[in-house]
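Asks: based on what follows, work out the 3D shape:
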Amino acid sequence: MAACWSCSGTVDRDGLFCESCGALQPPRLADHFARLGVPAAFDIAVPALERRYFELQRRIHPDRFAARLPNEREYSQQHAANLNDALQTLKSPVRRAEYLLALKGRPMRGSGQETVDDEEILVHAMEMREALAEAATPAAADAVVADARGQAERVTKELVTAFAANDLAGAARLTLRLKYLDKFVEDARERRRP
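Replies: Model (predicted):
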């Protein structure tokens, strides 16, 4: 357990405050899962994750430290930024999968490079885009998008299984597929906006 920067006292289990003097501590090196106090796993309950985030934000929000020492004001801003980044990463199934793969030593390659190794995913993405372009009515377009959302839900469930079995190659392939499905749904939504 680290010692307080202000009084050398004991720091609480969250690593946020000194139990003796109450000073806010500097952010420690931690992954997003540890920062939010959840196990490093793909299968996490997002509502519980959000509750934990808001609990921590209430404790360290910069507004609470406006009249405190400059160190604590800076630490508060750093903690808040770290928590925001952790929540945004872990809430998104794609970003959570990519992050977890990186933690496990199998980072995804840069944008677009994965398609070279997986022609099936690329062909599927092209077929979905063609189906959307050929949809003659808004209802037909909605059906194509609904199908893509259903596929994304199935892939997310398969990711739970792959990560639980520590099948990182399978998880990487599924993550890429989910990434394409999410992008397709987002692009379709943007296209439908007036």
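
Asks: mind listing what's buried along stretch 15-35?
Replies: 15-18, 23-25, 27, 32-33, 35 (16 or more other CB atoms under 10 Å). In short, each C-beta sits where N, CA and C put it, glycine included.

Asks: from those residues, which land in strands?
Replies: Of the buried residues of stretch 15-35, none are assigned to strands by DSSP state E.

Asks: what would those look like in TSV with distance to R95 and pLDDT?
Replies: Shown next, in TSV, are the buried residues of stretch 15-35 (distance: CB to CB, whole Å; pLDDT from 0 to 100):
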residue	distance to R95	pLDDT
G15	24	90
L16	24	93
F17	29	95
C18	33	95
A23	33	95
L24	28	96
Q25	27	96
P27	20	95
H32	10	97
F33	13	96
R35	15	94
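
Asks: could the residues you listed go into JSON lines alongside distance to A146?
Replies: Output for the buried residues of stretch 15-35, formatted as JSON lines (distance: CB to CB, whole Å):
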{"residue": "G15", "distance to A146": "44"}
{"residue": "L16", "distance to A146": "43"}
{"residue": "F17", "distance to A146": "48"}
{"residue": "C18", "distance to A146": "53"}
{"residue": "A23", "distance to A146": "52"}
{"residue": "L24", "distance to A146": "47"}
{"residue": "Q25", "distance to A146": "48"}
{"residue": "P27", "distance to A146": "42"}
{"residue": "H32", "distance to A146": "31"}
{"residue": "F33", "distance to A146": "32"}
{"residue": "R35", "distance to A146": "35"}
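
Asks: hmm, which two among those are most spread apart?
Replies: A23 and F33 (25.7 Å; CB to CB).

Asks: what residues sit buried inside the helix or strand where K183 lies?
Replies: Assessed by DSSP states H and E, K183 sits inside helix 168-192. For helix 168-192, burial by neighbour count (16+ other CB under 10 Å) applies to 168, 171-182, 184-185, 188.

Asks: how far does that helix sit from the chain's center?
Replies: Distance of helix 168-192 from its chain centroid, counting by CA atoms, centre = their mean, to the nearest Å, is 14 Å.

Asks: could you list the domains of this protein?
Replies: Listed by automatic domain parsing, the domain ranges of the chain are 32-100, 113-192.

Asks: could I get those domains as JSON lines with distance to C4?
Replies: Rendered in JSON lines, the data for these read as follows (distance: least, CB to CB, whole Å):
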{"stretch": "domain 32-100", "distance to C4": "11"}
{"stretch": "domain 113-192", "distance to C4": "37"}
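
Asks: what packs against the helix holding K183?
Replies: Counting contacts by 3 or more CB pairs under 8 Å, 6 or more residues apart in numbering; DSSP states H and E, helix 168-192 packs against helix 93-103, helix 119-134, helix 138-164.
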